[in-house]
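> Generate a structure from the sequence data that follows.
(one chain, ligands or ions: 2)
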Amino acid sequence: MPIILAIESSCDDTSAALLKDGRVLSNVTAGQAVHEEYGGVVPEHASRAHQRNIVPTVAVALKRAGVTEQEVEAVAFTRGPGLIGSLMVGVSFAKAFALARNLPLIEVDHMQAHVLAHFAENPKPEGPFLCLTVSGGHTQLVVVKDPLDQEIIGRTIDDAAGEAFDKSGKLLGLPYPAGPVIDRLASQGQPVLEFAKPDPGDLNFSFSGLKTSILYTLQKKVKEDPDYVKDNLNDICASIQDTILSILLRKLSLAAEQTGLRQVALAGGVSANSALRRGLEELGREKGWTTFIPRFEYCTDNAAMIGVTAGFKFERGEFADQSVAPAARL
Ligand code: KG4
Ligand code: ZN
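Ligands and ions are numbered 1, 2, ... in the order given. Reported below is the predicted structural model:
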(Lines give C-alpha, C1' and ligand atoms only; values in the text may rest on other atoms or scores of the structure.)
(Ligands and ions follow the chains in the order given, each with its own letter.)
Protein backbone atom coordinates (compact mmCIF):
# COMPACT_ATOMS: atom_id res chain seq x y z
CA MET A 1 0.00 0.00 0.00
CA PRO A 2 1.23 3.51 -0.78
CA ILE A 3 2.13 6.38 1.51
CA ILE A 4 -1.20 8.16 2.03
CA LEU A 5 -1.71 11.76 3.14
CA ALA A 6 -5.17 11.99 4.74
CA ILE A 7 -7.12 15.18 5.50
CA GLU A 8 -10.12 15.67 7.80
CA SER A 9 -12.01 18.98 8.03
CA SER A 10 -15.70 18.10 8.40
CA CYS A 11 -16.48 20.12 11.52
CA ASP A 12 -14.21 22.11 13.84
CA ASP A 13 -11.00 20.05 13.85
CA THR A 14 -8.37 20.38 11.13
CA SER A 15 -6.46 17.11 10.98
CA ALA A 16 -3.77 15.56 8.79
CA ALA A 17 -2.24 12.09 8.96
CA LEU A 18 0.35 10.06 7.11
CA LEU A 19 -0.02 6.29 6.70
CA LYS A 20 2.28 3.71 5.19
CA ASP A 21 1.10 0.15 4.52
CA GLY A 22 -1.98 0.91 6.66
CA ARG A 23 0.20 1.94 9.61
CA VAL A 24 -0.29 5.43 11.10
CA LEU A 25 2.99 7.38 10.94
CA SER A 26 1.53 10.64 12.25
CA ASN A 27 -1.87 12.06 13.18
CA VAL A 28 -1.96 15.80 13.89
CA THR A 29 -5.13 17.66 14.87
CA ALA A 30 -5.63 21.40 15.36
CA GLY A 31 -8.76 22.26 17.35
CA GLN A 32 -10.63 25.58 17.21
CA ALA A 33 -11.09 27.45 20.48
CA VAL A 34 -13.00 30.22 18.68
CA HIS A 35 -16.34 28.38 19.15
CA GLU A 36 -16.17 28.19 22.96
CA GLU A 37 -17.69 31.61 23.57
CA TYR A 38 -20.64 30.88 21.26
CA GLY A 39 -21.69 27.62 22.94
CA GLY A 40 -21.49 25.69 19.67
CA VAL A 41 -19.68 25.49 16.33
CA VAL A 42 -20.15 28.62 14.19
CA PRO A 43 -19.78 27.37 10.58
CA GLU A 44 -18.29 30.59 9.20
CA HIS A 45 -15.63 30.70 11.92
CA ALA A 46 -14.94 27.00 11.40
CA SER A 47 -14.16 27.32 7.69
CA ARG A 48 -11.94 30.36 8.26
CA ALA A 49 -10.00 28.53 10.98
CA HIS A 50 -9.58 25.52 8.67
CA GLN A 51 -8.11 27.85 6.05
CA ARG A 52 -5.59 29.16 8.57
CA ASN A 53 -4.75 25.72 9.97
CA ILE A 54 -4.65 23.37 7.01
CA VAL A 55 -1.18 24.19 5.61
CA PRO A 56 0.67 24.20 8.98
CA THR A 57 -1.19 21.05 10.13
CA VAL A 58 -0.14 19.13 7.01
CA ALA A 59 3.42 20.43 7.39
CA VAL A 60 3.62 19.15 11.00
CA ALA A 61 2.08 15.79 10.02
CA LEU A 62 4.70 15.32 7.26
CA LYS A 63 7.51 16.32 9.60
CA ARG A 64 6.38 13.99 12.42
CA ALA A 65 6.05 11.12 9.95
CA GLY A 66 9.49 11.80 8.48
CA VAL A 67 7.91 11.92 5.02
CA THR A 68 8.53 14.59 2.36
CA GLU A 69 5.80 16.04 0.12
CA GLN A 70 7.44 14.27 -2.82
CA GLU A 71 7.14 10.87 -1.12
CA VAL A 72 3.33 11.06 -0.74
CA GLU A 73 1.69 8.59 -3.16
CA ALA A 74 -2.06 9.11 -2.64
CA VAL A 75 -4.28 11.79 -1.06
CA ALA A 76 -7.39 10.96 0.98
CA PHE A 77 -9.99 13.41 2.27
CA THR A 78 -13.34 13.56 4.04
CA ARG A 79 -16.00 14.29 1.43
CA GLY A 80 -18.86 14.42 3.97
CA PRO A 81 -21.06 14.45 5.93
CA GLY A 82 -20.25 17.71 7.68
CA LEU A 83 -20.37 21.48 7.43
CA ILE A 84 -20.09 22.41 3.78
CA GLY A 85 -17.72 25.37 4.29
CA SER A 86 -15.45 23.25 6.50
CA LEU A 87 -15.43 20.31 4.08
CA MET A 88 -14.68 22.68 1.19
CA VAL A 89 -11.30 23.60 2.72
CA GLY A 90 -10.09 20.00 3.13
CA VAL A 91 -11.46 18.85 -0.22
CA SER A 92 -9.88 21.81 -2.07
CA PHE A 93 -6.54 21.28 -0.34
CA ALA A 94 -6.53 17.54 -1.15
CA LYS A 95 -7.49 18.15 -4.78
CA ALA A 96 -4.82 20.82 -5.24
CA PHE A 97 -2.12 18.67 -3.57
CA ALA A 98 -3.04 15.70 -5.79
CA LEU A 99 -3.32 17.77 -8.97
CA ALA A 100 0.09 19.37 -8.51
CA ARG A 101 1.75 15.97 -8.10
CA ASN A 102 -0.50 13.85 -10.31
CA LEU A 103 -1.53 11.62 -7.39
CA PRO A 104 -4.64 9.46 -6.97
CA LEU A 105 -7.44 10.95 -4.84
CA ILE A 106 -9.55 8.91 -2.41
CA GLU A 107 -12.82 10.28 -0.99
CA VAL A 108 -13.94 9.05 2.42
CA ASP A 109 -17.29 9.02 4.26
CA HIS A 110 -16.65 10.52 7.71
CA MET A 111 -19.07 8.14 9.48
CA GLN A 112 -17.60 5.03 7.84
CA ALA A 113 -14.19 6.30 8.91
CA HIS A 114 -15.23 6.67 12.59
CA VAL A 115 -16.11 2.95 12.54
CA LEU A 116 -12.87 2.00 10.80
CA ALA A 117 -10.78 3.88 13.39
CA HIS A 118 -10.63 0.41 15.00
CA PHE A 119 -8.26 -0.69 12.25
CA ALA A 120 -5.72 2.01 13.15
CA GLU A 121 -4.38 -0.15 16.00
CA ASN A 122 -4.23 -3.64 17.45
CA PRO A 123 -6.10 -5.79 18.32
CA LYS A 124 -8.50 -5.21 15.42
CA PRO A 125 -11.96 -6.78 15.11
CA GLU A 126 -11.88 -9.87 12.90
CA GLY A 127 -14.96 -10.65 10.86
CA PRO A 128 -18.35 -8.96 11.38
CA PHE A 129 -18.78 -6.66 14.36
CA LEU A 130 -21.33 -4.33 15.87
CA CYS A 131 -20.35 -0.69 16.34
CA LEU A 132 -22.03 2.07 18.31
CA THR A 133 -20.94 5.34 16.70
CA VAL A 134 -21.62 8.29 18.96
CA SER A 135 -20.48 11.76 17.96
CA GLY A 136 -21.61 15.38 18.07
CA GLY A 137 -23.60 14.91 14.87
CA HIS A 138 -24.55 11.22 14.79
CA THR A 139 -25.69 8.29 16.88
CA GLN A 140 -25.72 5.05 14.92
CA LEU A 141 -25.73 1.32 15.49
CA VAL A 142 -23.77 -0.18 12.62
CA VAL A 143 -23.29 -3.79 11.54
CA VAL A 144 -19.86 -3.99 9.93
CA LYS A 145 -19.91 -7.05 7.66
CA ASP A 146 -16.70 -6.01 5.97
CA PRO A 147 -14.79 -2.72 6.42
CA LEU A 148 -16.48 -1.12 3.42
CA ASP A 149 -19.79 -2.96 3.84
CA GLN A 150 -21.55 -1.26 6.77
CA GLU A 151 -25.28 -1.39 7.50
CA ILE A 152 -26.93 1.14 9.84
CA ILE A 153 -29.53 -0.74 11.90
CA GLY A 154 -30.40 2.05 14.37
CA ARG A 155 -30.00 5.81 14.57
CA THR A 156 -31.15 8.87 16.47
CA ILE A 157 -34.43 10.39 15.34
CA ASP A 158 -33.48 13.82 16.72
CA ASP A 159 -30.36 14.94 18.65
CA ALA A 160 -27.10 12.98 18.64
CA ALA A 161 -25.62 11.66 21.89
CA GLY A 162 -22.81 14.25 21.78
CA GLU A 163 -25.40 16.96 21.21
CA ALA A 164 -27.28 15.71 24.28
CA PHE A 165 -24.08 16.19 26.33
CA ASP A 166 -23.35 19.59 24.77
CA LYS A 167 -26.89 21.00 25.03
CA SER A 168 -27.30 19.75 28.62
CA GLY A 169 -23.98 21.41 29.44
CA LYS A 170 -25.18 24.65 27.87
CA LEU A 171 -28.20 24.61 30.21
CA LEU A 172 -25.74 24.37 33.10
CA GLY A 173 -23.59 27.20 31.72
CA LEU A 174 -20.67 24.89 30.87
CA PRO A 175 -18.34 25.78 27.97
CA TYR A 176 -18.62 24.10 24.53
CA PRO A 177 -18.03 21.23 23.95
CA ALA A 178 -19.54 20.22 27.30
CA GLY A 179 -19.07 16.43 26.83
CA PRO A 180 -15.54 16.26 28.28
CA VAL A 181 -16.45 18.71 31.10
CA ILE A 182 -19.51 16.66 32.12
CA ASP A 183 -17.32 13.53 32.03
CA ARG A 184 -14.85 15.15 34.46
CA LEU A 185 -17.44 16.64 36.86
CA ALA A 186 -19.56 13.46 36.82
CA SER A 187 -16.60 11.45 38.13
CA GLN A 188 -16.89 13.46 41.38
CA GLY A 189 -20.68 13.11 41.73
CA GLN A 190 -23.51 10.62 42.10
CA PRO A 191 -26.45 10.10 39.72
CA VAL A 192 -29.11 11.14 42.21
CA LEU A 193 -31.57 12.79 39.79
CA GLU A 194 -33.97 10.93 37.47
CA PHE A 195 -34.50 12.28 33.96
CA ALA A 196 -36.80 11.10 31.18
CA LYS A 197 -35.44 8.38 28.87
CA PRO A 198 -37.47 8.77 25.68
CA ASP A 199 -37.58 5.57 23.58
CA PRO A 200 -38.73 5.77 19.95
CA GLY A 201 -38.73 1.96 19.73
CA ASP A 202 -36.72 -0.56 17.67
CA LEU A 203 -33.02 0.20 17.68
CA ASN A 204 -33.52 3.95 17.37
CA PHE A 205 -32.55 6.66 19.85
CA SER A 206 -34.13 9.94 20.92
CA PHE A 207 -32.40 12.57 23.03
CA SER A 208 -34.30 15.79 22.41
CA GLY A 209 -36.72 15.22 25.35
CA LEU A 210 -33.81 14.91 27.75
CA LYS A 211 -33.01 18.65 27.63
CA THR A 212 -36.60 19.54 28.53
CA SER A 213 -36.63 17.00 31.32
CA ILE A 214 -33.39 18.42 32.76
CA LEU A 215 -34.69 21.97 32.42
CA TYR A 216 -37.97 21.24 34.26
CA THR A 217 -36.24 19.24 37.00
CA LEU A 218 -33.68 21.99 37.60
CA GLN A 219 -36.27 24.79 37.48
CA LYS A 220 -38.18 23.02 40.25
CA LYS A 221 -35.04 22.53 42.35
CA VAL A 222 -33.88 26.14 41.86
CA LYS A 223 -37.27 27.42 43.06
CA GLU A 224 -36.65 25.65 46.39
CA ASP A 225 -32.94 26.55 46.53
CA PRO A 226 -31.51 29.29 44.24
CA ASP A 227 -27.98 27.84 44.65
CA TYR A 228 -29.04 24.28 43.73
CA VAL A 229 -27.15 24.10 40.42
CA LYS A 230 -23.96 25.65 41.76
CA ASP A 231 -23.95 23.46 44.90
CA ASN A 232 -24.85 20.20 43.12
CA LEU A 233 -23.11 20.52 39.77
CA ASN A 234 -21.20 17.23 40.07
CA ASP A 235 -24.33 15.23 40.94
CA ILE A 236 -26.31 16.91 38.13
CA CYS A 237 -23.55 16.02 35.64
CA ALA A 238 -23.40 12.44 36.94
CA SER A 239 -27.18 12.16 36.52
CA ILE A 240 -27.11 13.53 32.95
CA GLN A 241 -24.25 11.25 31.99
CA ASP A 242 -25.88 8.22 33.60
CA THR A 243 -29.12 8.86 31.68
CA ILE A 244 -27.39 9.21 28.30
CA LEU A 245 -25.18 6.15 28.87
CA SER A 246 -28.02 3.93 30.04
CA ILE A 247 -29.98 4.78 26.86
CA LEU A 248 -26.92 3.99 24.70
CA LEU A 249 -25.96 0.75 26.44
CA ARG A 250 -29.53 -0.57 26.52
CA LYS A 251 -29.92 -0.22 22.74
CA LEU A 252 -26.45 -1.63 22.18
CA SER A 253 -27.39 -4.77 24.17
CA LEU A 254 -30.61 -5.08 22.20
CA ALA A 255 -28.72 -4.77 18.91
CA ALA A 256 -26.20 -7.43 20.00
CA GLU A 257 -29.08 -9.76 20.93
CA GLN A 258 -30.89 -9.18 17.64
CA THR A 259 -27.83 -9.57 15.40
CA GLY A 260 -26.11 -12.31 17.44
CA LEU A 261 -22.84 -10.40 17.06
CA ARG A 262 -20.36 -10.81 19.92
CA GLN A 263 -17.64 -8.41 18.81
CA VAL A 264 -18.84 -5.01 19.98
CA ALA A 265 -17.12 -1.69 19.36
CA LEU A 266 -17.47 2.00 20.23
CA ALA A 267 -16.59 4.87 17.89
CA GLY A 268 -16.98 8.64 17.59
CA GLY A 269 -16.19 11.55 19.90
CA VAL A 270 -18.47 10.43 22.75
CA SER A 271 -16.56 7.14 22.99
CA ALA A 272 -13.87 9.26 24.67
CA ASN A 273 -16.25 9.32 27.67
CA SER A 274 -14.58 7.47 30.54
CA ALA A 275 -17.83 6.11 32.05
CA LEU A 276 -19.03 4.87 28.64
CA ARG A 277 -15.71 3.08 28.11
CA ARG A 278 -15.96 1.47 31.55
CA GLY A 279 -19.66 0.72 30.99
CA LEU A 280 -18.99 -1.11 27.73
CA GLU A 281 -16.16 -3.13 29.26
CA GLU A 282 -18.37 -4.18 32.20
CA LEU A 283 -21.28 -5.04 29.93
CA GLY A 284 -18.92 -6.97 27.66
CA ARG A 285 -17.65 -9.07 30.58
CA GLU A 286 -21.22 -9.78 31.66
CA LYS A 287 -22.40 -10.74 28.15
CA GLY A 288 -19.22 -12.49 27.00
CA TRP A 289 -18.50 -9.97 24.21
CA THR A 290 -15.10 -9.04 22.88
CA THR A 291 -15.07 -5.25 23.08
CA PHE A 292 -13.10 -2.67 21.11
CA ILE A 293 -12.60 0.95 22.09
CA PRO A 294 -10.20 3.12 20.10
CA ARG A 295 -7.46 5.11 21.72
CA PHE A 296 -8.63 8.65 22.62
CA GLU A 297 -6.96 10.35 19.63
CA TYR A 298 -8.83 7.99 17.26
CA CYS A 299 -12.25 8.60 18.94
CA THR A 300 -12.72 12.30 18.21
CA ASP A 301 -12.40 13.67 14.67
CA ASN A 302 -8.99 12.76 13.24
CA ALA A 303 -7.35 12.17 9.89
CA ALA A 304 -5.83 8.78 10.80
CA MET A 305 -9.28 7.17 10.50
CA ILE A 306 -9.67 8.83 7.09
CA GLY A 307 -6.32 7.35 6.01
CA VAL A 308 -7.21 3.87 7.30
CA THR A 309 -10.50 3.93 5.36
CA ALA A 310 -8.68 5.20 2.28
CA GLY A 311 -6.32 2.22 2.54
CA PHE A 312 -9.27 -0.18 2.17
CA LYS A 313 -10.57 1.85 -0.79
CA PHE A 314 -7.14 1.90 -2.41
CA GLU A 315 -7.01 -1.90 -2.26
CA ARG A 316 -10.37 -2.03 -4.03
CA GLY A 317 -9.25 0.54 -6.63
CA GLU A 318 -11.91 3.08 -5.61
CA PHE A 319 -10.67 6.52 -6.56
CA ALA A 320 -12.23 9.97 -6.93
CA ASP A 321 -11.44 12.37 -9.75
CA GLN A 322 -10.79 16.11 -9.79
CA SER A 323 -14.50 16.88 -10.32
CA VAL A 324 -15.36 15.59 -6.81
CA ALA A 325 -17.15 18.11 -4.57
CA PRO A 326 -17.82 18.11 -0.81
CA ALA A 327 -21.19 16.78 0.33
CA ALA A 328 -22.89 18.03 3.53
CA ARG A 329 -24.87 14.73 3.50
CA LEU A 330 -23.72 11.51 1.91
O1 KG4 B 1 -16.65 12.74 16.66
P2 KG4 B 1 -16.51 14.13 17.17
O3 KG4 B 1 -15.12 14.61 17.54
O4 KG4 B 1 -17.07 15.17 16.15
C5 KG4 B 1 -18.23 14.93 15.40
O6 KG4 B 1 -18.11 14.34 14.30
O7 KG4 B 1 -19.30 15.32 15.92
O8 KG4 B 1 -17.48 14.26 18.43
C9 KG4 B 1 -17.60 15.43 19.17
C10 KG4 B 1 -18.58 15.19 20.31
C11 KG4 B 1 -18.98 16.45 21.06
O12 KG4 B 1 -20.38 16.45 21.20
C13 KG4 B 1 -18.30 16.28 22.43
O14 KG4 B 1 -18.99 16.88 23.50
C15 KG4 B 1 -18.29 14.78 22.57
O16 KG4 B 1 -18.00 14.29 21.28
N17 KG4 B 1 -17.27 14.32 23.53
C18 KG4 B 1 -17.58 13.75 24.72
C19 KG4 B 1 -16.35 13.50 25.37
N20 KG4 B 1 -15.33 13.92 24.54
C21 KG4 B 1 -15.92 14.41 23.43
N22 KG4 B 1 -18.76 13.46 25.26
C23 KG4 B 1 -18.75 12.89 26.49
N24 KG4 B 1 -17.62 12.62 27.18
C25 KG4 B 1 -16.40 12.92 26.67
N26 KG4 B 1 -15.28 12.64 27.36
ZN1 ZN C 1 -16.91 12.87 13.78
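> quick one: I157 and I247, what's the gap?
Distance of I157 to I247, given as CB to CB, to the nearest Å: 12 Å. Where C-beta positions appear, they are placed from N, C-alpha and C, glycine not excepted.
> Contacts for stretch 307-327, please.
1-2, 4-6, 17-19, 22, 24, 74, 76, 79-82, 84, 87-88, 90-91, 95, 98-99, 104-109, 112-113, 116-117, 119-120, 147-148 (CB atoms under 8 Å, 6 or more residues apart in numbering).
> Out of those, which end up buried?
2, 4-6, 17-19, 22, 24, 74, 76, 79-82, 84, 87-88, 90-91, 95, 98, 104-109, 112-113, 116-117, 119-120, 147 (16 or more other CB atoms under 10 Å).
> List the ones among these that fall in helices.
Assigned to helices by DSSP state H, the following of these qualify: I84, L87, M88, G90, V91, K95, A98, Q112, A113, L116.
> Tabulate those (CSV), appending distance to K63 and pLDDT.
Formatted as CSV, these follow (distance: CB to CB, whole Å; pLDDT from 0 to 100):
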residue, distance to K63, pLDDT
I84, 30, 97
L87, 25, 98
M88, 26, 98
G90, 19, 98
V91, 23, 98
K95, 23, 98
A98, 20, 98
Q112, 29, 96
A113, 24, 97
L116, 26, 97
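> Okay, buried residues for the helix or strand encompassing E282 please.
In this assignment (DSSP states H and E), E282 forms part of helix 274-287. In terms of neighbour count (16+ other CB under 10 Å), helix 274-287 has its buried residues at A275, L276, R277, G279, L280, L283, G284.
> which residues touch the residue of the stretch 201-330 of the chain found nearest ligand 1?
Closest to ligand 1 within the stretch 201-330 of the chain is G269: 2.0 Å, counting by CB to the nearest ligand atom. By CB under 8 Å, 6+ apart, the contact set of G269 is V134, S135, G136, G162, P177, G179, C299, T300, D301.
> The residues you listed: which ones sit near ligand 2?
When CB under 5 Å from the ion is applied, the members of the contacts of G269 adjacent to ligand 2 are S135, D301.
> Narrow the contacts of G269 to just the buried residues.
Here, 16+ other CB under 10 Å leaves V134, S135, G136, G162, P177, G179, C299, T300, D301 buried among the contacts of G269.
> now, which of the contacts of G269 lie within helices?
With helices taken from DSSP H, the overlap with the contacts of G269 comprises G162, G179, C299.
> is stretch 320-328 up against ligand 1 anywhere?
No - legend: contact between stretch 320-328 and ligand 1 by CB under 6 Å from any ligand atom is lacking; minimum distance shown is 13.1 Å.
> mind listing what's buried in that stretch?
A320, V324, P326, A327.
> now swap in stretch 185-202 and tell me
Judged by neighbour count (16+ other CB under 10 Å), stretch 185-202 contains these buried residues: L185, A186, G189, P191, L193, F195, P198.
> Quick one: mark the members of those residues that sit in helices.
If you go by DSSP H, those have L185, A186 in helices.
> Point out the residues in the protein that sit beside ligand 1.
Within the chain, the residues that sit near ligand 1 (CB under 6 Å from any ligand atom) are 11, 135-137, 162, 165-166, 177-180, 183, 268-270, 272-273, 300-301.
> picking that back up, neighbour count: I157 and I247, which is higher?
I247 (21 against 15; other CB atoms under 10 Å).
> contacting residues for the more buried one?
K197, D199, F205, F207.
> same thing but 6 Å
K197 (CB atoms under 6 Å, 6 or more residues apart in numbering).
> now do V91
Contacts of V91 by CB under 6 Å, 6+ apart are F77, P326.
> Equivalent analysis for S208, please.
Counting by CB under 6 Å, 6+ apart, S208 touches D158, D159.
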